[in-house]
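[1] predicted model and sequence follow; I will ask about them next.
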Amino acid sequence: MLGLNSKDFTLFLVVVVLVIAAPILLNPFPSDSAFAQFNAGYPALMQRFVIFGILVIGFNILFGLTGYLSFGHAAFLGVGSFAAVWMFKLLSYNIVPAVLLSVIVAGLFSVVIGYVSLRRSGIYFSILTLAFAQMMYAIAYSDLLGKFFGGIVTNGETGLQVYNDDPQILMSPGDPTVPHLFGWEMNSSFTWDVGGWSFVFQNGYYLSGILMLASFYLAIRIFRSPFGLMLRAIKSNQNRLAYTGVSSRPYALAAFVISGMYAGLAGGLLAAMDPLTGAERMFWTASGEIVIMSILGGVGTLIGPILGAGVIKYMENIVSTINDNVVHGWFAFMPDGIENILVTVIHPFIGKGWHLTLGLVFMAVVIFLPGGLVEGGQRLGRLFERRKVEEKPPTATTEPAE
Amino acid sequence: MTRTNYSRRGVLKTGGLTATGLAMPTIFTASSASAFTNEPTGSSVKFGFNVPQTGPYAEEGLDELRAQELAVEHLNGIGDGGMLNTFSSKALDGTGILGKQVEFVTGDTQTKSDVARASAQSMIQKDGCIMINGGSSSGVAIAVQGLCQEAGVIFMAGLTHSNDTTGKDRKRNGFRHFFNGYMSGAALGPVLQGAYGTERRAYHLTADYTWGWTQQESIQAVTEAMGWETVQNVLTPVGAGDFSSYIAPVLNSGADVLILNHYGGDMVNSLTQAVQFGLKDKEVNGKNFEIIVPLYSELMAAGAGSNIQGVYGSMNWNWQLPDAGTAAFVRSFGEKYGFPPSGAAHTCYVQTLLYADAVTRAGSFNPCAVVEALEGFEFDGMGNGPVLYRAEDHQCFKDVLVMKGTENPTNQYDTLEIVEVTPRAQVEYAEDHPMFAGGDLGECNPGA
Amino acid sequence: MDDIILQILNGLDKGSAYALIALGLTLIFGTLGVVNFAHGALFMVGAFCAVTVQRLLGLSHTIIDESQKDFLGNPLKIEVPYVEGWFGPEMGQALISWSVPLAILFAIPVMIILGFVMERGLIKHFYKRPHADQILVTFGLAIVIGEIIKANFGANPIPTPAPAAFSGSLDFGVWLGFAENAIIYPYWRLVYFLFSMVIIAGVFAFLQFTTFGMVVRAGMADRETVGLLGIDIDKRFTLMFGLAAAVAGVAGVMYTPILSPNYNMGMDFLVLSFVVVVVGGMGSLPGAVLAGFLLGILQSFASMNEVKSLLPGIDQIIIYLVAIFILLTRPRGLMGRKGVMEE
């Protein structure tokens, strides 16, 4: 179906269902229960899940297929966001020109940076991309462009946002004053109250979700195309590729630009969901986070990086908000003594200690699941399959040939 | 199940699909059942305390959190009531707000605008918070203030010192209790003139971001007005760590005062290194070389250790103030946690009480009613003397403290001493002052 | 002229710090081929060794002074360090004042043990794993180490002054015939520079002139062949890891008077040290040292007002500009070996 083989199609279908049903699936606990803190089904976080999903899907096309580890990918996310916010400031809050321009600008930047950086491989390539990204970060953080040309380009650390006196030349009086798609406001939502649950379906989330599905579909097609094969060849043995008379660099550059444009799309969408952007989106820790997301989920697998992004964003937004009061709520039914002991045990890992949990999860995954989170899923699957196999008595045993 | 062959054309077709994805029809529409965002309906009301809990400002954020928890206790009638006893408005009686118990959720800003906004969004969308409070940087404050304006909740800023927060980035739904760069300059000026005279040559090292720029601009204006000459203003990268290459040329420039427009870790490092260069012991132009740090905080003073001895700076509030409000707050904070509160903690505590009081006086949680109650509100008994929340820019006007690093500290909390309490009249300015111009509060937004 | 000499001196000092950090990293990263994202954390742990020694020396018993009051009005508690009791107030104060240099004695064994534990317990299992896995596991470890330090010491920077004997600065300019105060240089930075020279020379001598060093160098060049010769290269690599950790640790100890340590400082140095190592060239110790000094001096020059007035903000991007320039003109950095981490 859709040009996918049955396995890929099933995977794609599962992702489609997950994206559509996320507002319900991610809200398993009633809003007034003690465990409501674990709910992740609110628009802002779901948006981040899918947008960072787009980012890592793109990153995976470069890193997962070609093996080139870009350590400056957040720079493309950043320029995408800046381009989008400038469109909001100059034209109007319609997100179409904003998102288009963010993809184009990120594409242009990645052509230049990719062309230069791909002259080197391995760690030298990584450091070149890192150097470009850090330069762009410094330029944006102190608004060096603004200082050089006069005026404001990135507005430094405060970040770029839309002001009431911005030109917005395409804006007519009746237009919404929030990002919208031809009048369809991104932050409008529909709330469905059932029992103790309250499910929020937001326009912005679904738009990002659709784009994420489109990006995912495109990525599957690339993975399975001759072009994708060529990229894998770059990873496995570049020299052999060169001996066969194939110049690998145009292919690597194409992968770099595609993944840069994915990052630009993600940056544009971040701005479209929340029209403010800052330089810190381009800092090396942000680039590092993309790398970590991919590895955590499983480099080179289709779904892994998305899982990785989800886990990290979940920790950042959920585990960090669990404070001692919340934990007391969970264990309120227990006797005071036990309750206090449990709270003391959990205390270092939550709230201000959420980084500790994050670090431990990284280590645990890489030690016990060398292929990332995806391998965890595969192992579970295999366990399941093995049971099925064991149930069936062996019908034909293969005797070793003498 | 059909399989088309994988070709370049196939990839291109997919690109077309991506484009059509944009043209999805409208399915969901906005629902507006309540009068404003997160209208509290049950027996409780929720505040969001959004502070840095990891990263370089974690300690400051945690101190803010302690003060916020204390404020919630006092609002709910637990503990000794703290400043509720000294607050000039008597609307609050320790039974919650409008009969509702106060609850709170916490979040980690990491001192990053993006993360802070994500955290605030979670508080608004998931936890149903009606007010967001806290923060330890101007960039974050401006970012979260903008978000609260759009979402239709009230933002009570924590530590934010840039002129822009209530200047060009002021918002109707946002309020700042903390003082700003202009006020620091206005308060420091006369004291510096008294201590160091009118013929000085100043060398500025300025953190290269918005707060640094506005801080430097303010101090330069004040010092030049009293006759000082500005030799050089050098912008330094944030988080440079080693400032030696910026400090080394200072002595040779003919300057006899070094002004460090740095905050946090940068301030600790640049001051420590400047002292290491022996600047404080030098004599230039026949005068003792002096160092000035315009914005002080207790935690940074502790980080700089003995290097701050004799160095002037300014603060919003300090636990050593003699008034009754301060004494009440320091007592309840000190008894609960065992050490005196920081200035950031004080601001967050006061902001929480001020919000609760405004709701009570307005008789409604509606942000627009709260804005109306806070605009032009005059109060006393919160540690800073008589204070005005100015309606035009939502900036608090109050006395400003000029501080000096204690020469002979007697205990570990005795790092700074109060030199002068600069009266409010001296730090006031017109709301369209050039350093604050270009802002527009806009309309109050109740959301929904 | 005096400005230029001043910035060269500054650059030497900055460079010695970069070189020292890069040296430890390159032992692990450039030679063992492990991408160690926890290296910054090792530097930070070293710095906190200094804090620990300062705290240990400052361990106090409490005397309650009824005549004075604390901030809540209770009788004031005065802390008297034990060392003052044991060695007398003067000797005790001197010991506390010298806590940073003394911390080196403490840091070396601590860091070597930490290095051993890290290598045996974790890194060993990752030599044959992809670099991506090494990044993830060492990054996770760096976070965990940082959080443990934060839980014990807080997130605020902690003042760790140099011994009182080294306060103030040396007036170089007067020696060279310039005006007073034209070229000043803090004594402690001089100490740091000399110290890093000694450490760098020591590491080089160790690898160059000892049998152990020879075997390790051979192992870096061709691990399998050395293994076939019946030499237990793994054990030596463990020692090497301990050595690298110790170098990072003492670099951290001695840096504390310049940079008040906080739990995050490792991350700040991480990226920079990677850039230095790669610009120096993978697998080359002299390259790492050279790159450290080169970047340090260029950064100092870029911080000059004359340069900054021509190109605002150049001081913030110079390191990365130079890195790009060098990596594009010299494919393997300044002195890199072929085939190390190029795939």
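    Looks like it arrived, so ask away. Note that the structure is predicted; figures quoted are calculated from it, not measured.

[2] residue 23 is in what secondary structure piece?
    In the absence of a named chain, this looks at chain A. Assessed by DSSP states H and E, A:Pro23 sits inside helix A:6-25.

[3] that's the wrong chain, I meant chain C
    helix C:2-25.

[4] packing partners of that helix?
    helix B:244-247, helix C:39-57, helix C:172-175, helix C:187-209, helix C:233-255, helix C:265-280, helix C:285-302 (3 or more C-beta pairs under 8 Å, 6 or more residues apart in numbering or on different chains; DSSP states H and E). Backbone N, C-alpha and C define where each C-beta goes, glycine included.

[5] put the alpha carbons of that helix into PDB.
    The C-alpha coordinates for helix C:2-25 follow below in PDB (Å, rounded to 0.1, in the frame of the first residue of the first chain):
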ATOM      1  CA  ASP C   2      52.700  46.200  25.400                       C
ATOM      2  CA  ASP C   3      49.200  45.300  24.500                       C
ATOM      3  CA  ILE C   4      50.400  42.500  22.300                       C
ATOM      4  CA  ILE C   5      52.900  41.100  24.900                       C
ATOM      5  CA  LEU C   6      50.100  41.200  27.400                       C
ATOM      6  CA  GLN C   7      47.800  39.200  25.200                       C
ATOM      7  CA  ILE C   8      50.500  36.700  24.300                       C
ATOM      8  CA  LEU C   9      51.000  36.100  28.100                       C
ATOM      9  CA  ASN C  10      47.300  35.800  28.500                       C
ATOM     10  CA  GLY C  11      47.100  33.500  25.600                       C
ATOM     11  CA  LEU C  12      49.900  31.300  27.000                       C
ATOM     12  CA  ASP C  13      48.000  30.900  30.200                       C
ATOM     13  CA  LYS C  14      44.600  30.200  28.500                       C
ATOM     14  CA  GLY C  15      46.400  27.900  26.100                       C
ATOM     15  CA  SER C  16      48.000  26.000  29.000                       C
ATOM     16  CA  ALA C  17      44.600  25.400  30.400                       C
ATOM     17  CA  TYR C  18      43.200  24.200  27.100                       C
ATOM     18  CA  ALA C  19      46.300  22.100  26.500                       C
ATOM     19  CA  LEU C  20      46.100  20.400  29.900                       C
ATOM     20  CA  ILE C  21      42.500  19.500  29.500                       C
ATOM     21  CA  ALA C  22      43.000  18.400  25.900                       C
ATOM     22  CA  LEU C  23      45.900  16.300  26.900                       C
ATOM     23  CA  GLY C  24      43.800  14.100  29.200                       C
ATOM     24  CA  LEU C  25      41.100  13.900  26.600                       C
END
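
[6] buried residues, that helix. List them.
    For helix C:2-25, a neighbour-count test (16 or more other C-beta atoms under 10 Å in any protein chain shown) marks C:2-3, C:6-7, C:9-25 as buried.

[7] how far is that helix from where the chain is centred?
    13 Å (C-alpha atoms, centre = their mean, to the nearest Å).

[8] compute the inter-axis angle for that helix and helix C:265-280.
    100 degrees (axes from the mean of the first three to the mean of the last three C-alpha atoms, to 10 degrees).

[9] unless I misread the structure, B:Gly55 falls within a helix.
    No - counting by DSSP: H, G, I helix; E, B strand; the rest coil, B:Gly55 is not part of a helix but coil.

[10] and the residue of the stretch 101-250 of chain C found nearest chain B, how close does it get to B:Ile308?
    Closest residue of the stretch 101-250 of chain C to chain B, C-beta to the nearest C-beta: C:Pro159 (2.8 Å). Per C-beta to C-beta, to the nearest Å, C:Pro159 is found 10 Å from B:Ile308.

[11] more neighbours, these two?
    When C:Pro159 and B:Ile308 are compared for neighbours, B:Ile308 comes out ahead with 29 against 21, by other C-beta atoms under 10 Å in any protein chain shown.

[12] for the nearest residue to the more buried one once chain neighbours are set aside, what are its contacts?
    Excluding the flanking residues, the one nearest B:Ile308 by C-beta to C-beta, 6 or more residues apart in numbering or on different chains is B:Gly405, at 3.3 Å. Counting by C-beta atoms under 8 Å, 6 or more residues apart in numbering or on different chains, B:Gly405 touches B:Ala301, B:Asn307, B:Ile308, B:Gln309, B:Gly310, B:Val311, B:Gly313, B:Thr415, B:Leu416, B:Glu417.

[13] and the first one, which helix or strand is it part of?
    I take that to be B:Ala301. Judged by DSSP H and E, B:Ala301 forms part of helix B:298-304.

[14] packing partners of that helix?
    Helix B:298-304 is packed against helix B:58-75, helix B:265-276, with contacts defined by 3+ C-beta pairs under 8 Å, 6+ apart.

[15] at 10 Å what do you get?
    helix B:58-75, helix B:265-276, strand B:290-295, strand B:312-315, helix B:343-362, strand B:400-405, strand B:416-422 (3 or more C-beta pairs under 10 Å, 6 or more residues apart in numbering or on different chains; DSSP states H and E).

[16] ok, and for the following helix or strand past the shortest one, which residues are buried?
    Note on strand B:312-315: by DSSP H and E, the next helix or strand toward the C-terminus is helix B:324-337. Applying a neighbour-count criterion of 16+ other C-beta under 10 Å, one finds B:Gly325, B:Thr326, B:Ala327, B:Ala328, B:Phe329, B:Val330, B:Arg331, B:Ser332, B:Phe333, B:Gly334, B:Lys336 buried in helix B:324-337.

[17] could you check the angle helix B:324-337 makes with helix B:58-75?
    Going by the same axes, to 10 degrees, helix B:324-337 makes 110 degrees with helix B:58-75.
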